[in-house]
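Student: sharing a sequence plus its predicted fold:
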Amino acid sequence: STSTPVISSPETLSALQAASHQLVHNLQPVAFPTETVYGLGALALNVSATSKIFSTKGRPADNPLIVHVSSFAMLQTLLPQDYVLSDSYTALMKHFWPGALTLLFPSDPKIIPPIITANQPTVAIRMPSHPVARALIAVANAPLAAPSANSSGKPSPTRAEHVLRDLEGKVGIILDGGACGVGLESTVVDGLHADGAIRVLRPGGITVEDIERVLRQEMGVSPKVLVHRRDYRDEVMEATPTTPGMKYRHYSPAVPVYLLYTASPPPDGVQRLEADEFLASLQDKGDGKRPVKVGILAPSDSPLGTCSLPMDGLEWTRFSLGPTAEPSVTAHLLFDGLLTLERQGVDLILIEEVEEEREGLAVMNRVKKAAGESRWIQFNSNG
Ligand code: TXA
Ligand code: MG
């Protein structure tokens with residue numbers, strides 16, 4: 001395969017011009033850092049350019065893309081003439097743009113090519129805060145469609161080396177901006193329904209708690225903020241496949257991932273297993289000739305993060321997700337942990353549950369998909 005240049009000073013004008021040349025003249029996708037995860041960008045308003053995003057990632061055509069802008073003037077060019085911002089969108093943009101918040105807007109197919117929206121009536125738009133992302137959009141002088149820069153179904157990349165390992169030879173340039181600060185994708189919000197509610201379609205870098213606080217602060221009485229939780233399913237979100245992408249397999253490394261519930265009563269349907277029973281089942285996964293390599297992703301001060309582990313037939317590699325009191329650190333490390341353990345050649349990965357609060361809600365959303373429902377397990381350890 002042809003090698004892919006990785007540019008390590010992406011903020012320089014020559015780097016930005018080289019990347020912009022790929023985008024604007026060659027209509028080729030470019031991988032670039034954002035504050036959430038690395039994106040695979042292409043000219044949003046050019047169908048030939050955006051179609052290469054789908055082919056490079058192996059992405060299904062019915063999964064719409066987020067359009068990235070670098071200014072409010074650029075946003076304005078993407079919206080229908082008669083569209084007026086709601087008070088809640090004004091408040092959210094004031095506090096979270098630029099940043100890890102994606103908003104749905106009505107889409108005019110004469111402005112936004114339907115390949116971007118997968119023929120939906122809405123378009124998802126965000127203004128990233130990462131200086132390289134902002135500068136690249138500004139130098140290209142055009143909005144960029146950008147999904148995460150990974151093959152469809154894999155964990156999202158948070159370092160340039162993750163992109164290189166996955167997409168080497170398939171992408172023209174990788175701008176290396178170091179590790180992404182947030183580490184999880186943006187929060188996708190739909191505030192377009194007549195009931196005025198704010199629906200969180202995908203939890204992400206901006207927390208539900210922060211959205212509620214800002215709306216209360218700016219509007220006095222906050223509109224309802226709705227998000228799927230264990231004890232709440234929203235009918236409107238259920239009825240319309242508003243985030244079509246969420247139905248696909250996601251965030252899965254090449255090896256099986258198990259989600260272990262160690263604290264709270266787990267959701268219905270989760271298998272209950274005693275720790276020794278489960279560990280014995282792992283020993284059975286080997287060929288008997290070498291130990292089974294087990295990767296563990298767990299907070300540093302949690303039951304799995306601190307327990308001593310039996311060695312018989314098992315070889316452990318632990319990757320810390322930071323202290324339980326700091327879910328933003330867990331968010332920052334999650335995808336890096338999955339991809340690092342995969343690269344280290346583990347046979348399977350165990351991830352410990354975290355509390356579904358603040359960034360933990362988005363972390364658990366990703367972990368549940370990475371594992372798949374049949375690998376959610378209640379892990380009763382007696383210390
Ligand atoms: O942080 C992020 O959002 C990253 C960086 C690169 O900006 N991008 C990203 O893109 O995560 P992607 O394509 O991996 O995820 C976009 C999500 C998908 O779940 C997609 O279904 C949803 O946004 N989405 C896009 N347009 C939508 C629309 N019109 N209505 C509902 N959901 C939409
Ligand atoms: Mg993605």
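Tutor: Cool, got the structure. Ligands and ions are numbered 1, 2, ... in the order given.

Student: report the longest helix in this structure, please.
Tutor: What stands out as the longest helix in the chain, according to DSSP state H, is helix 327-343.

Student: and for the residue in the stretch 51-200 of the chain that ligand 1 sits nearest to, the neighbour number?
Tutor: Nearest residue of the stretch 51-200 of the chain to ligand 1: residue 147, at 2.9 Å (Cβ to the nearest ligand atom). The C-beta positions use only the backbone N, C-alpha and C, and glycine is treated the same way. Neighbourhood size, residue 147 [other Cβ atoms under 10 Å]: 24.

Student: my read: it touches residue 42, true?
Tutor: No: taking contacts as Cβ atoms under 8 Å, residue 147 lies outside contact range of residue 42: 9.8 Å.

Student: which residues are common contacts for these two?
Tutor: Both residue 147 and residue 42 are in contact with residue 53, where contact means Cβ atoms under 8 Å, 6 or more residues apart in numbering.

Student: domain parsing for this structure?
Tutor: For the chain, automatic domain parsing gives the domain ranges 6-245, 257-380.

Student: flag every residue of the stretch 51-200 of the chain that's near ligand 1.
Tutor: By Cβ under 6 Å from any ligand atom, the residues of the stretch 51-200 of the chain that approach ligand 1 are 63-66, 102, 104, 117, 120, 122-124, 126, 146-148, 185-186, 188.

Student: 8 Å instead, please
Tutor: Contact residues, the stretch 51-200 of the chain versus ligand 1 (Cβ under 8 Å from any ligand atom): 59, 63-66, 68, 100, 102, 104, 107, 116-118, 120, 122-124, 126, 128, 133, 146-149, 156, 182, 184-186, 188, 190.

Student: could I get the full set of strands for the stretch 51-200 of the chain?
Tutor: 66-68, 101-106, 122-126, 144-145, 174-175, 187-190, 198-202 (DSSP state E, counting those that start in this stretch).

Student: please produce TSV containing those strands, extended by distance to residue 335 and mean pLDDT.
Tutor: Formatted as TSV, those follow (distance: least, Cβ to Cβ, whole Å; pLDDT from 0 to 100):
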stretch	distance to residue 335	mean pLDDT
strand 66-68	17	99
strand 101-106	18	98
strand 122-126	18	98
strand 144-145	21	98
strand 174-175	16	98
strand 187-190	16	98
strand 198-202	15	97
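
Student: dump the residue contacts of residue 45.
Tutor: Contacts of residue 45 (Cβ under 8 Å, 6+ apart): 111, 112, 113, 142, 143.

Student: hmm, I typed the wrong one, I wanted residue 249.
Tutor: Taking Cβ under 8 Å, 6+ apart as the test, what residue 249 contacts is 153, 369, 372.

Student: what packs against the host helix or strand of the second one?
Tutor: Secondary structure assignment for residue 369, by DSSP states H and E: helix 359-371. Judged by 3 or more Cβ pairs under 8 Å, 6 or more residues apart in numbering; DSSP states H and E, the packing partners of helix 359-371 are strand 257-261, helix 327-343, strand 348-352.

Student: so where is the chain shaky, pLDDT-wise?
Tutor: Within the chain, the stretches with pLDDT under 70 are 1-2, 240-248, 382-383.

Student: what segments of it are helices?
Tutor: Counting by DSSP H, one finds helices in the chain at the ranges 13-24, 47-57, 72-78, 87-96, 114-117, 131-140, 160-167, 208-219, 235-239, 275-283, 303-306, 327-343, 359-371.

Student: could you redo the ones you listed as TSV and give each row mean neighbour count and distance to residue 173?
Tutor: Shown next, in TSV, are these (neighbours: other Cβ atoms under 10 Å; distance: least, Cβ to Cβ, whole Å):
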stretch	mean neighbour count	distance to residue 173
helix 13-24	18	5
helix 47-57	18	13
helix 72-78	14	22
helix 87-96	18	29
helix 114-117	19	22
helix 131-140	21	10
helix 160-167	22	11
helix 208-219	16	34
helix 235-239	12	37
helix 275-283	15	41
helix 303-306	17	38
helix 327-343	23	21
helix 359-371	23	27
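
Student: tabulate those helices (CSV), appending distance to residue 268.
Tutor: As requested, those are exported to CSV (distance: least, Cβ to Cβ, whole Å):
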stretch, distance to residue 268
helix 13-24, 47
helix 47-57, 34
helix 72-78, 42
helix 87-96, 34
helix 114-117, 35
helix 131-140, 41
helix 160-167, 35
helix 208-219, 23
helix 235-239, 17
helix 275-283, 19
helix 303-306, 22
helix 327-343, 24
helix 359-371, 14
